[in-house]
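Asks: 3D, please:
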Amino acid sequence: MRVTLNENILLWAAAVLQPASAADVRSFIASIYPEISLLPNIGEIENIFSTWREEGYLQRVHGKSRLYSATYKTNLKLSVKLRRSRDKSRLFLLKSTRAANVNVSGVREQDSVGDSPSTEGSIILQEGAWPIKPAAAPRVPRTTGRFYWPRISKQLSIEVGPSFSSPDTFFNYYSFPSIKTIHEASHKPASEKDLSITDISLAIGISPRLITSFIHAPENHYRQFKIGKRGGGERVINSPRTFLKVVQYWILDYLLHSLPCHPNCHSYQKGKSILSNSLPHVGQKYLANIDISNYFPSINEKMVFSLLRDNNFGEQLSKAVARIVTLENGLPQGAPTSPIISNAFLCNFDEIMTQRALSFNLVYTRYADDMTISGENKENIISLIKNLSANLKDMGLSINEKKTRIASQGGQQKVTGIVVNEVSQPPRTYRRNIRSMFHHAERNPELFADNIKVLKGYISYLQSFPNMQGKKEIFRYKNVCKTIEKNFVQQSH
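Replies: Just a heads-up that it's a prediction; the model follows:
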């Protein structure tokens, strides 16, 4: 049966795809509703969009590309069923889009809530700007810079005509190019350099009520499970469900990217690892391991709010973000926003410890909740640990006294699981287990056909240590993988 188009479906589609053009919306509707007859052409849809723009339901966010985003009035025009459908469809599409994000590196310019980078490596368009194709493909993620998500229509590859091969358009707030344009689309905007819950929802492209539900009933949007700790016991993980997780990823990529992180912090950053954290401590006479007790949950909503305010986030935005990223008044272990916030929260602390360590002729590094101090003088290390503990206490944190230890070169010195007595390398028992596994794979290669990636992962890990590169055992492990791939993996496919 053929049916005609309800114009509200056009508005629904524009809100799902935003920022979107008339061509985007027409192609999207044609693909998901093939039963609709007499679908308006692009020009007719553009005329409808122009009318809705005058009535305040859509806002043109880029003139040259004729891209539109929904305003607050769109939520009032759509039925409850369509609004919920928009939220669900958009968040699942954004989930896939985020996986294809583009990293842009460059000098950042201050824009109210955060820093916005230059156009190096991609196309960042402010309102009224012209699309310029990059000289090369978008760059892969770097340690600096920020992520931009492709438009949903680009990710779906549904654009038609000459614009199909045109460069994508990236805005500082995804759906809108600036805070000013967000405020123009809002019914109760925040102050000039701030964003309210409604403003945030407009930028993400979902209903304010959904964000409010994250804040007032967060327990409904997490799933809890436990994993084993390396040293025994269990760790509770609170993983956000899809809708909240997408919103937290948006907050991470579009708002929190400008938060500071100290150079001596090696956790949760591209280009740094447990290995880079261990290298400064190789060959030291004494080495201390200090652990922060109950790390993520101890950083509460008030601490997050103060951190954001100290980094020039507006008051309403700071309050909203602090509530969206916390659970039971603490950072949940499992939320994508927790790592960057925890690193930023300890940034000033890391600087204080680094400078005091230097004054004692010691070395200080941190990986998440694991802090390491090393040097030639044990008494200086003990003094710095006392100082460190006092500073953490002033911040509302504490060290785990049971896990604090000082090791000399006569014993095994470990930094985040890596032995550093003379060279940085995995522990002997770990290397022995890997050797045993490859021996088993060499004798029974058919049993490892489905685990070839795991074997290669171990090889890559071992090769990340400079002293392990070029060793005979590495070449032997590689040959085992080649044999499995040649005789079993290819056959199974």
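
Asks: can you list the residue ranges for strands in the chain?
Replies: Ranges of strands in the chain, per DSSP state E, are 58-62, 67-70, 102-104, 109-111, 114-116, 146-148, 222-228, 234-240, 286-291, 363-367, 370-375, 405-408, 414-415, 418-419.

Asks: partner strands of the first one, parallel or antiparallel?
Replies: Sheet neighbours of strand 58-62, with direction, are listed as strand 67-70 (antiparallel) (DSSP bridges).

Asks: before we move on, the earlier item: worst mean pLDDT among the strands of the chain?
Replies: Among these, strand 114-116 carries the lowest mean pLDDT, at a mean of 31.

Asks: what's the most buried one of the strands of the chain?
Replies: Comparing the strands of the chain by mean neighbour count (mean count of other Cβ atoms under 10 Å), strand 67-70 comes out on top with a mean of 28. Every residue, glycine included, has its C-beta placed from N, CA and C.

Asks: run through who's touching it.
Replies: The contact list for strand 67-70, computed with Cβ atoms under 8 Å, 6 or more residues apart in numbering, reads 11, 14-15, 18-21, 49, 53, 57-61, 169, 175-176, 185, 202, 205.

Asks: in helices only, show me the residues you listed.
Replies: Among the contacts of strand 67-70, the residues falling in helices (DSSP state H) are 11, 14-15, 49, 53, 185, 202.

Asks: so which of the strands of the chain gets nearest Leu462?
Replies: When those are compared by Cβ to Cβ, strand 418-419 sits nearest Leu462, at 11.8 Å.

Asks: hmm, who's touching stretch 332-345?
Replies: Here stretch 332-345 has contacts from 222, 235-240, 245, 248-249, 251-252, 256-257, 259-262, 265, 267-269, 295-297, 299, 303-304, 307, 311, 325-327, 331, 368, 395, using Cβ under 8 Å, 6+ apart.

Asks: show me which of those residues are buried.
Replies: Among the contacts of stretch 332-345, those classed as buried by 16 or more other Cβ atoms under 10 Å are 222, 238, 240, 245, 248-249, 251-252, 256-257, 259, 261-262, 265, 267, 295-297, 299, 303-304, 307, 311, 325-327, 331, 368.

Asks: in stretch 373-385, what's buried?
Replies: For stretch 373-385, burial by neighbour count (16+ other Cβ under 10 Å) applies to 373-375, 380-381, 384-385.

Asks: among those, which one lies nearest to Ile452?
Replies: Relative to Ile452, the closest of the buried residues of stretch 373-385 is Ser374; by Cβ to Cβ it sits at 38.2 Å.

Asks: quick check: bridge partners of that closest one?
Replies: According to DSSP bridges, beta-bridge pairing links Ser374 with Leu287, Val363.

Asks: from Val480, how far off is it?
Replies: To Val480, Ser374 is 37 Å away according to Cβ to Cβ, to the nearest Å.

Asks: just checking, Gln224 touches Pro240?
Replies: No - Gln224 is beyond contact range of Pro240, at 10.9 Å (criterion: Cβ atoms under 8 Å).

Asks: hey, C-alpha coordinates of stretch 434-453 in CSV?
Replies: Provided in CSV are the C-alpha atoms of stretch 434-453 (Å, rounded to 0.1, in the frame of the first residue of the first chain):
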residue,chain,number,x,y,z
ILE,A,434,54.1,-16.3,27.6
ARG,A,435,56.9,-18.7,26.8
SER,A,436,54.8,-21.6,28.0
MET,A,437,51.8,-20.5,25.9
PHE,A,438,53.9,-20.2,22.7
HIS,A,439,55.5,-23.6,23.4
HIS,A,440,52.0,-25.1,23.6
ALA,A,441,51.0,-23.3,20.4
GLU,A,442,54.1,-24.6,18.7
ARG,A,443,53.2,-28.2,19.6
ASN,A,444,49.4,-27.9,19.0
PRO,A,445,49.0,-25.1,16.5
GLU,A,446,45.5,-26.2,15.5
LEU,A,447,44.2,-25.2,18.9
PHE,A,448,45.3,-21.6,18.5
ALA,A,449,43.8,-20.9,15.0
ASP,A,450,41.0,-18.8,16.6
ASN,A,451,43.4,-17.0,19.0
ILE,A,452,46.1,-15.8,16.6
LYS,A,453,45.3,-12.1,17.4
